[in-house]
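> Show me the folded form of this:
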Amino acid sequence: MTINLTNALSAAVDRLLYPLVRILLRQGMPYGAFSDLAKRVYVDVAMREFGIPGRKQTISRVSIMTGLTRKEVRRIQSLPTADDAVAIAQYNRAARVIAGWRRDPQFADANGNPADLPLEGQDASFAELVRRFSGDIPARAVRDELLRVGAAEITESGSIRLTVRAYVPSGSEIEKVSILGIDVADLLTTITHNIVGGVPEPFFQRKVAYDNLPVEALAELKSLVNKRAQELLEEFDRWLATRDRDVNPAAAGSGRQRAGIGIYYFETDLSQEEQS
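Modelled structure (predicted):
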């Protein structure tokens, strides 16, 4: 049996749209809003990445590439751009502070674990931790966020104590949906890099999965993933931090690159799919 590239691409898009559309319907986004978003991205990518070298990209060429009329291209270009920068910045700040708290020996106790920190002070204080790993953001704002999601608690002595190993948003739908955009985009960027012909060095992209597991095995698997994957991510975090110029201004090198690794757990109830 043979399958051409168009059919394979259609099947892949169909598969990845299912979980996305579930989210859109749960959040009340109608098809018309999604359609305009898709059109805007088509127009934006065609404008930015598919021009003819040495020539300015034109609306007529974008219209031909995307299948949209020139009038529709102009309409799409006039639409406001969606922006989740505030939610993303909040997520990044909290994640950096927690990672620094776990990694930097200045903020550790005698056993090497994250220490309970006084809220204010010059040295090993929460204010200094935030200043070092989150820039000029007020320490109170970061403290309130960590307390809100249950990542930290205030002790009887008035210090702040870290209660988690990583920042996971809790309760904020806006922040969770913003992470969806970041993490899925990163994965698709890796896949895109790997399927483009002539790539000399594919990005690492692996997974392991079995499709006939008993329900009872999942709890143990999730526990194993939570422990081992977190340990691996913390190892990579320590390595990256020594080379990131925001964390380590003395790090040498040129250019500015964003790189990292993501790990995710998944499960699907195949017995439900077989019955439907």
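> all strands of this structure, in order?
All strands of the chain, identified by DSSP state E, fall at 152-154, 160-162.
> Which one of these lies nearest to Gly121?
Gly121 sits nearest to strand 160-162 of all the strands of the chain, at 11.7 Å, using Cβ to Cβ. For every residue, glycine as well, the C-beta is placed using N, CA and C.
> Distance check, the residue nearest to Arg74 when sequence neighbours are not counted against Thr69.
In space, and not counting its chain neighbours, Arg74 is closest to Ile59: 6.6 Å by Cβ to Cβ, 6 or more residues apart in numbering. From Ile59 over to Thr69 the distance is 10 Å, taken as Cβ to Cβ, to the nearest Å.
> Next: Ala46.
Between Ala46 and Thr69 the distance, using Cβ to Cβ, works out to 14 Å.
> do you know how far the closest residue to Leu37 other than its chain neighbours is from Ile179?
In space, and not counting its chain neighbours, Leu37 is closest to Ala82: 7.2 Å by Cβ to Cβ, 6+ apart. Ala82 sits 15 Å away from Ile179 when distances are taken as Cβ to Cβ.
> thinking again about what came up before, since we're on the residue nearest to Arg74, how many residues are nearby?
Ile59 sits with 17 neighbouring residues when counted by other Cβ atoms under 10 Å.
> Arg256 now?
That count, for Arg256 with other Cβ under 10 Å as the rule, works out to 6.
> Report the contact partners of Ile98.
For Ile98, the contacting residues are Leu146, Ala151, Leu162, Val164, Arg165, Ala166, Tyr167, by Cβ atoms under 8 Å, 6 or more residues apart in numbering.
> Any stretches of the stretch 1-150 of the chain with poor pLDDT?
By pLDDT under 70, the low-scoring segments of the stretch 1-150 of the chain are 1-3, 83-87.
> Next, give me the two most distant ones among the contacts of Ile98.
Leu146 and Arg165 (13.1 Å).
> more crowded one of these two?
Each of Leu146 and Arg165 has its neighbours counted (other Cβ under 10 Å); Leu146 has more, 23 against 17.
> shouldn't that one be in contact with Ala152?
Yes. With contacts defined as Cβ atoms under 8 Å, Leu146 counts as touching Ala152 at a distance of 4.0 Å.
> Find residues that contact each of these two.
Ile160, Leu162.
> are any of the contacts of Ile98 buried, and which?
Among the contacts of Ile98, the ones that count as buried by 16 or more other Cβ atoms under 10 Å are Leu146, Ala151, Leu162, Arg165, Tyr167.
> Can you pull the phi/psi pair for the fourth one?
Backbone dihedrals for Arg165, given as degrees, to the nearest 10, come out at phi -100, psi -20.
> Next one, pLDDT for it please.
In the prediction, the pLDDT value recorded for Arg165 is 83.
> Check the third one too.
With respect to pLDDT, Leu162 has a value of 95.
> Tell me how many other residues surround the nearest residue to it once chain neighbours are set aside.
Beyond its immediate neighbours in the sequence, the residue positioned closest to Leu162 (Cβ to Cβ, 6+ apart) is Pro114, lying 4.3 Å away. Residue neighbour count, defined by other Cβ under 10 Å, stands at 21 for Pro114.
> And Pro53, by the same measure?
Around Pro53 there are 4 other residues, counting by other Cβ under 10 Å.
> ok, it - contacts?
Applying Cβ under 8 Å, 6+ apart, we find Pro53 in contact with no residue.
> any idea how far it lies from Met65?
Pro53 sits 15 Å away from Met65, taking Cβ to Cβ as the criterion.
> which stretches of the stretch 151-276 of the chain form helices?
Here the stretch 151-276 of the chain has its helices, by DSSP state H, counting those that start in this stretch, at 173-195, 216-241, 270-275.
> How about the stretch 1-150 of the chain?
Assigned by DSSP H, counting those that start in this stretch, the stretch 1-150 of the chain shows helices spanning 5-26, 31-49, 59-66, 70-78, 85-103, 126-134, 139-148.
> most packed of those helices?
For the helices of the stretch 1-150 of the chain, average neighbour numbers computed from mean count of other Cβ atoms under 10 Å are highest in helix 126-134, which has a mean of 21.
> quick one: that helix to helix 139-148, angle?
Comparing the axes of helix 126-134 and helix 139-148 via axes from the mean of the first three to the mean of the last three Cα atoms, to 10 degrees yields an angle of 90 degrees.
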